[in-house]
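Chemist: Mind looking at a prediction? Sequence and model below.
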Number of protein chains: 2
Amino acid sequence: MYEKYVKLLKDHAIKVTSPRLEILKFLDEHHTHPNVEEIYSSLKKKHPSLSRTTVYNSLEILKKNRIVQSITISGSELRYDIQGGLHHHFLCNRCGAILDISIACPNMDRTVEGGHRVDEVQGYFKGICKNCQKKEKGWRTNG
Amino acid sequence: MYEKYVKLLKDHAIKVTSPRLEILKFLDEHHTHPNVEEIYSSLKKKHPSLSRTTVYNSLEILKKNRIVQSITISGSELRYDIQGGLHHHFLCNRCGAILDISIACPNMDRTVEGGHRVDEVQGYFKGICKNCQKKEKGWRTNG
DNA sequence: TACCAAATTGTAATAATTACAAAATAGGAT
DNA sequence: ATCCTATTTTGTAATTATTACAATTTGGTA
């Protein structure tokens, strides 16, 4: 059940603890780019002793080890993503969903830019998602 | 002195007020991507009656009219930019500077992506800036 | 099994932003 | 020029995300 997450932590020489395993499992099963509150309140149900601070701490160490990445697209809170592959993100200003965007981008794997050392590249798109556009059209048609 | 900002506001049918003019001027003269606090405390010196809330409100209406854009790269606060041309941003994790990156990017002027309507595209690079790398090398050499 | 550094927990502080109501003001009508 | 009104500014009080910190607990090793 948790073997892959145990291995992941051991491979990075990070102590294996249940909060860490649960957070990894949650992110692996929910590719919705949840914020800390969503992760915390979901895990809290099955693990009532869980502390919000632990979620912050755990995500921080996972981030330092590049196991997860944090997304600043919303501007008000960090969102977390466990996916490895290079991809961009789209934020729907209507429903708030953050979606993965697979798009060819010549700058994504850059390590130097203008003399600066690049450790992280993120591409953000913001607008109205396909689904919300569909809803809008439906309302107009029915009106 | 302020004519260009007056025109800018009138062209967008926004009321011309001194806080708005001062904020525009400040952003036009400081391409450092300041946060609200920096804008506020700087303008407060010459306009003691200025309120922080006004800075928030003004930036909000300027943003709605696409006169300024907000940058979420830092993850803890919004940074503001008045520049029109399409460009990306680099955040130095050491000194905190946010620098403009002029880089060819095929996705920057995109209006549709995967069926989603795109209103805004932002490319963020994070790492260590040229200047901070230079400092590090200097320290090592002298040590 | 015992130890210790590291992790977890809970509470309290901080920082950015928003909500809201009262006073002031820009810009159009008179 | 004066009046009117919707909009803006202002100040204070909330709210929200995150960090600081100290006490307790625990994973991994000897």
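Modeler: Alright, I've got the coordinates.

Chemist: Please make it C-alpha for all contacts and neighbour counts, starting now.
Modeler: Fine.

Chemist: For stretch A:20-37, list the C-alpha coordinates in CSV.
Modeler: The C-alpha trace of stretch A:20-37 is given here as CSV (Å, rounded to 0.1, in the frame of the first residue of the first chain):
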residue,chain,number,x,y,z
ARG,A,20,4.7,12.0,5.2
LEU,A,21,3.4,8.8,3.8
GLU,A,22,-0.2,10.0,4.1
ILE,A,23,0.6,13.3,2.4
LEU,A,24,2.4,11.6,-0.5
LYS,A,25,-0.4,9.2,-0.9
PHE,A,26,-3.0,12.0,-0.9
LEU,A,27,-1.1,14.0,-3.5
ASP,A,28,-0.5,10.9,-5.6
GLU,A,29,-4.3,10.2,-5.6
HIS,A,30,-5.5,13.8,-6.0
HIS,A,31,-4.0,15.6,-8.9
THR,A,32,-6.1,18.7,-8.1
HIS,A,33,-3.2,20.8,-6.8
PRO,A,34,-4.7,21.0,-3.3
ASN,A,35,-3.7,23.7,-0.8
VAL,A,36,-2.6,22.9,2.7
GLU,A,37,-6.1,23.2,4.2
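
Chemist: Next, the buried residues of that stretch.
Modeler: By neighbour count on 16 or more other Cα atoms under 10 Å in any protein chain shown, the buried set for stretch A:20-37 is A:20, A:21, A:22, A:23, A:24, A:25, A:26, A:27, A:33, A:34, A:36.

Chemist: do that stretch and chain B meet?
Modeler: No - Stretch A:20-37 stays out of contact with chain B when judged by Cα under 8 Å from any Cα of the partner chain, the minimum separation being 12.5 Å.

Chemist: Now do that stretch: everything it contacts.
Modeler: A:2, A:5-6, A:39, A:43, A:52, A:55-56, A:58, A:71, A:77-83, A:97-99 (Cα atoms under 8 Å, 6 or more residues apart in numbering or on different chains).

Chemist: Would you mind checking the residues you listed for buried ones?
Modeler: Among these, the ones that count as buried (16+ other Cα under 10 Å) are A:5-6, A:39, A:43, A:55, A:58, A:71, A:77-82, A:98-99.

Chemist: out of these, who's nearest residue B:133?
Modeler: Nearest to residue B:133, judged by Cα to Cα, of these is residue A:71 at 25.3 Å.

Chemist: Relative to residue B:111, how far out is that closest one?
Modeler: Distance, residue A:71 to residue B:111, by Cα to Cα, to the nearest Å: 22 Å.
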